[in-house]
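K.L.:
Coordinates for the following, if possible.
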Amino acid sequence: MTIPLPSPDGSAPSAGLPASASHLGQYLVRDENVLGHLSVDLDASLHFDTGFLVLTDQRLLASARSTRMPANDASAPAAGAGAQALQSWTLHDGLRLRCGDHAGITTVELLDASGAGDAHLLASWYCTMARHPQVLRLTALFERQVRRIATGAREAEESEDDAADDVLPPEDDDAVPSTRGLSRLWRFARPYRWRLLAGFGLTLASTAATLVPPYLTIPLMDEVLIPYQNGQPIDLWKVELYLGGLLAAALVGWGLGWARTYLLALVSERIGADLRNATFDHLLGLSLDFFGSKRTGDLMSRIGAETDRINVFLSLHALDFVTDLLMMVMTAVILFSINPWLALATLVPLPLIAWLIHLVRDRLRTGFEKVDRAFSEVTNVLADTIPGVRVVQAFAQERREARRFHAANQRNLEVNDRINRVWSLFTPTVSLLTEIGLLVVWGFGIWLVAHQSITVGVLTAFLAYIGRFYIRLDSMSRIVSITQKAAAGTRRIFDILDHVSNVPEPKQPVPIPHAEGRIALRGVGFRYGSRTVIRGLSLDIRPGEMIGLVGHSGSGKSTLVNLISRFYDVTAGSIEVDGIDIRYYGLADYRRHIGLVLQEPFLFFGTIAENIAYGMPGATRAEIVAAARAAHAHDFILRLPYGYDSLVGERGQGLSGGERQRISIARALLIDPRILILDEATSAVDTETEKEIQKALDNLVQGRTTIAIAHRLSTLRKADRLVVMDRGEAVEVGPHDELMARQGAYWRLYQAQVRRVDDVDLEDRTRAAQAAAAAHSIHSAHPAGDS
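P.N.:
Model (predicted):
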């Protein structure tokens, strides 16, 4: 919660402050303005607490209890006392605010580099990663203000948010979806432009055909019916002529309308299919960081529901819009040609209807965007719950997930209700205005007939045309809703299509005729957003060598293998394979030489054989069986009801963890990779299954450059070298025996793991002894001979 903080002279500062800094007003001097603040949630001892950092245009202020001062440093005297005491530093050239993060904690350091030598640490603060965006904003504002003070010049006025734009990642764009975005669909419609042109011609012709019948009512009324009422005989030839014209116009209009609808429906279906294909193809080419920031249900909704909505708009409503527009224009021309004054009376309600459409359109633009997001949240809950239904039921959380779905569904209902309130008022209002317009035409037309300015036949034809005009006008007003839905869907689709992968394809990829598997890491660095994960890592891996990566969780092991697989690109340094930077290889060509066995193997819905041959769809049955034999999977596959043709459920349902892992090893064996990556391949199985998997892995690693990650250090004994990682750096490299002899980081890891195993064994033996003693005491208390 933030509250406005009054300054001593009664004026409000330029930024809100956290409640923990509400006492700060007494310490601000006159004309001192607050530029920004940071809510600190850890104290100097890394315990949860509330504190603050406040930047003004003259000083940096901080709560004393959240400030960590260097030993023997009294450079910043505290003002106040107790819990409300604060530290203060006057801004000057050379003062710097530096931020960093590690293990989920963000560190903010105040440095003074104005003197000779290295920068001097003045103070530091800690907060959780949830405060990291605030830290980046405050750092940017601090640097800007110090630069202003140093140069003595006032830069162009920019807001706090503008100042932080350079350092903050862009958030989801909440801009209003514009119907202009629909024009971007032309790139998908362009291949079908001739069919669209033919459809437009058919639309023009069919619209003209539907305008013929009202015109024929003029002579039918004036030359047949009215003369007959006045006592003249009916001219049957004229009756047959005019009725035949009406029938012919109806038949021609029907035929042209059918041809137009069918042709444009075919085109719109193909545009929709191309849009789905392009979106999915582009999605598969995006890097993993894109998927890390998106929900599965939301992406499924975009590719499925949004493209369907656009398809319906193109096949039905866009065609109706064009037809309505042509009908209105052609009807207006005919009306003005018959009687300009009566035509002007027809247009009386148009300005009000146009104003209503503009007003409602602006509200619908944002409304349908909110509807899309609310429905995406519903699909997100489904995408989370259905694959994880086993966990939901195991922890008896059905009611909780049901409440979560009901809440998402309720939000979706509320957003739709708000849209419907606007829309339900708009539609009857347009109908009312058209009825008023029709009454105006009736009144003015009767007056013209009474003054013999027009005939009854002309008025009848006029009313028929006006009926068509207002029906089309009402139809166009209804299309506003559909158009805004399609515009919102188009924007969400192009959010994907406009996203540029962080792992781009090279313009001229270098071919890989035969990979040797030599890997060289040259000063590799990598950051997840603002968090540094890998720092200056250099390592040479020989062809066929097995490297084991060990270290605590979060030390950067998985990130490193992701970089080698080029799921991400390095932010510093380079990774070379066979002497060439991997960024110069084509992605698909490069990854064909990499085999990946993950801790949690992913199997697709299909047969066992299809899953093994996933990386080589054209593999023969003999090659599939050979790979399965080498992975020690052949025997259990034959025990399945249909052997290699047995269906695997979604995500490998129906198979044990060890069986899924061996199938994934067979999948990697089949493509015969030169580089093999094992990411905790045996960590989630029991000891017996681990032995089976280890035998399969022994076959898999032969003759291949292998990088293996394992928390069980005993599984890496066969590795040629071990790389011990800590905080993104390789702190030790060497064989097992050599690293044990050093008694460094690896030795400490190994000893800690041995002690943990020994403690578990001791605990198990103690429990067994206690159980035996209890059984013995029961047996002694109740001898076998007692009854």
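K.L.:
next helix or strand past the helix or strand harbouring residue 196?
P.N.:
When elements are assigned from DSSP states H and E, residue 196 belongs to helix 193-210. Along the chain past helix 193-210, the next helix or strand (assigned with DSSP H and E) turns out to be helix 212-219.
K.L.:
Same question for that following helix: list its buried residues.
P.N.:
213-218 (16 or more other CB atoms under 10 Å). Using the backbone N, CA and C atoms, a C-beta is placed for each residue, glycine as well.
K.L.:
between these, which is nearest residue 350?
P.N.:
Distance from residue 350 was checked for each of these by CB to CB. The minimum falls on residue 214, at 19.9 Å.
K.L.:
So residue 500 belongs to a helix, correct?
P.N.:
No: Residue 500: not assigned to a helix; according to DSSP: H, G, I helix; E, B strand; the rest coil it is coil.
K.L.:
Point out where the stretch 401-550 of the chain drops to low pLDDT.
P.N.:
Under the criterion of pLDDT under 70, the regions of the stretch 401-550 of the chain flagged as low confidence span 423, 427, 473-481, 529-530.
K.L.:
What segments of it are helices?
P.N.:
Taking DSSP state H, counting those that start in this stretch as the criterion, the stretch 401-550 of the chain carries its helices at 456-497.
K.L.:
ok, now the stretch 551-700 of the chain?
P.N.:
Shown for the stretch 551-700 of the chain, the helices assigned by DSSP H, counting those that start in this stretch span residues 557-564, 587-591, 608-612, 621-630, 634-638, 657-670, 687-701.
K.L.:
Give the rounded mean pLDDT of the fourth one.
P.N.:
Okay, so that is helix 621-630. Regarding helix 621-630, the rounded mean pLDDT is 86.
K.L.:
ditto for the last one
P.N.:
Average pLDDT, helix 687-701: 68.
K.L.:
mind checking the end-to-end distance for stretch 287-305?
P.N.:
24 Å (CA to CA, to the nearest Å).
K.L.:
Could you tell me how far residue 514 is located from residue 673?
P.N.:
13 Å (CB to CB, to the nearest Å).
K.L.:
So what's the residue count around residue 435?
P.N.:
12 (other CB atoms under 10 Å).
K.L.:
Give me the residues contacting stretch 265-282.
P.N.:
The set of residues external to stretch 265-282 that reach it, using CB atoms under 8 Å, 6 or more residues apart in numbering, is 185, 188-189, 191-192, 195-196, 199, 302-303, 307-308, 310-311, 314-315, 318, 493, 496-497, 499.
K.L.:
Which PyMOL command selects the buried ones in those residues?
P.N.:
For anyone working in PyMOL, the buried entries among the contacts of stretch 265-282, judged by 16+ other CB under 10 Å, can be selected with:
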select buried, resi 185+188+189+192+196+199+302+303+307+310+311+314+315+318+493+496
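K.L.:
can you count the residues close to the nearest residue to residue 336 once chain neighbours are set aside?
P.N.:
Leaving aside its sequence neighbours, residue 336 sits nearest to residue 343 (CB to CB, 6 or more residues apart in numbering; 4.5 Å). Other residues within reach of residue 343, judged by other CB under 10 Å, total 21.
K.L.:
so what pLDDT did residue 343 get?
P.N.:
Turning to residue 343, the model gives it a pLDDT of 77.
K.L.:
isn't it right up against residue 333?
P.N.:
No: in this structure, residue 343 sits apart from residue 333 without contact. The criterion is CB atoms under 8 Å, and the distance is 9.3 Å.
K.L.:
circling back: centre of the chain versus the helix or strand where the residue nearest to residue 336 lies, how much separation?
P.N.:
Counting by DSSP H and E, the secondary-structure element that holds residue 343 is helix 340-346. Relative to the centre of its chain, helix 340-346 is centred 53 Å away, using CA atoms, centre = their mean, to the nearest Å.
K.L.:
And it, what's buried?
P.N.:
Taking 16+ other CB under 10 Å as the basis for neighbour counts, the residues of helix 340-346 that come out buried are 342-343, 345-346.
K.L.:
and if you look at stretch 717-728?
P.N.:
So stretch 717-728, judged by 16+ other CB under 10 Å, has buried residues 719, 721-728.
K.L.:
Out of those, which is nearest to residue 204?
P.N.:
Of all those, residue 204 sits closest to residue 728, with 66.5 Å by CB to CB.
K.L.:
these two touch, right, the closest one and residue 533?
P.N.:
Yes: under the criterion of CB under 8 Å, residue 728 is in contact with residue 533, at a separation of 5.2 Å.
K.L.:
Any figure for the gap between the residue most central in space within the chain and residue 533?
P.N.:
The central residue of the chain, meaning the one whose C-alpha is nearest the mean C-alpha position (CA atoms, centre = their mean), is residue 294 at 3.1 Å. Taking CB to CB as the criterion, residue 294 is separated from residue 533 by 21 Å.
K.L.:
now do residue 108
P.N.:
Residue 108 sits 20 Å away from residue 533, taking CB to CB as the criterion.
K.L.:
Ok, residue 94 next?
P.N.:
For residue 94, the distance to residue 533 (CB to CB) stands at 31 Å.
K.L.:
quick one, which of those two is more surrounded?
P.N.:
Counting neighbours by other CB under 10 Å for residue 94 and for residue 533 shows that residue 533 has the greater number, 22 against 13.
K.L.:
Correct me if wrong: the more buried one contacts residue 558.
P.N.:
No: under the criterion of CB under 8 Å, residue 533 lies out of contact with residue 558, with a separation of 9.6 Å.
K.L.:
okay, how far is it across stretch 286-298, tip to tip?
P.N.:
16 Å.
K.L.:
what residue ranges in the stretch 601-750 of the chain score low on pLDDT?
P.N.:
For the stretch 601-750 of the chain, the stretches with pLDDT under 70 are 649-652, 681-693, 696, 699-700, 714-715.
K.L.:
try 80
P.N.:
Judged against pLDDT under 80, the low-scoring parts of the stretch 601-750 of the chain cover residues 601-602, 631, 649-658, 679-703, 710-718.
K.L.:
thinking again about what came up before, just the buried residues of stretch 717-728: which are in helices?
P.N.:
When DSSP state H defines the helices, the subset of the buried residues of stretch 717-728 inside them is empty.
K.L.:
Out of these, which comes closest to residue 419?
P.N.:
The shortest approach to residue 419 among the buried residues of stretch 717-728 belongs to residue 728, at 48.7 Å (CB to CB).
K.L.:
what sits against the closest one?
P.N.:
Each residue near residue 728 by CB under 8 Å, 6+ apart is listed here: 526, 532-535, 537, 555-556, 559.
K.L.:
right, and the helices of the stretch 551-700 of the chain - which one's nearest residue 87?
P.N.:
If we rank the helices of the stretch 551-700 of the chain by CB to CB, the stretch that ends up nearest is helix 557-564, at 36.9 Å.
K.L.:
Give me the contact list for the closest one.
P.N.:
With CB under 8 Å, 6+ apart as the criterion, helix 557-564 contacts 288, 519, 524, 526, 528, 533-534, 537, 549-551, 568-570, 575, 582, 594, 675, 677, 679, 707, 709, 725, 728.
K.L.:
Buried ones in it, by neighbour count?
P.N.:
Residues of helix 557-564 classed as buried: 557-564 (neighbour count, 16+ other CB under 10 Å).
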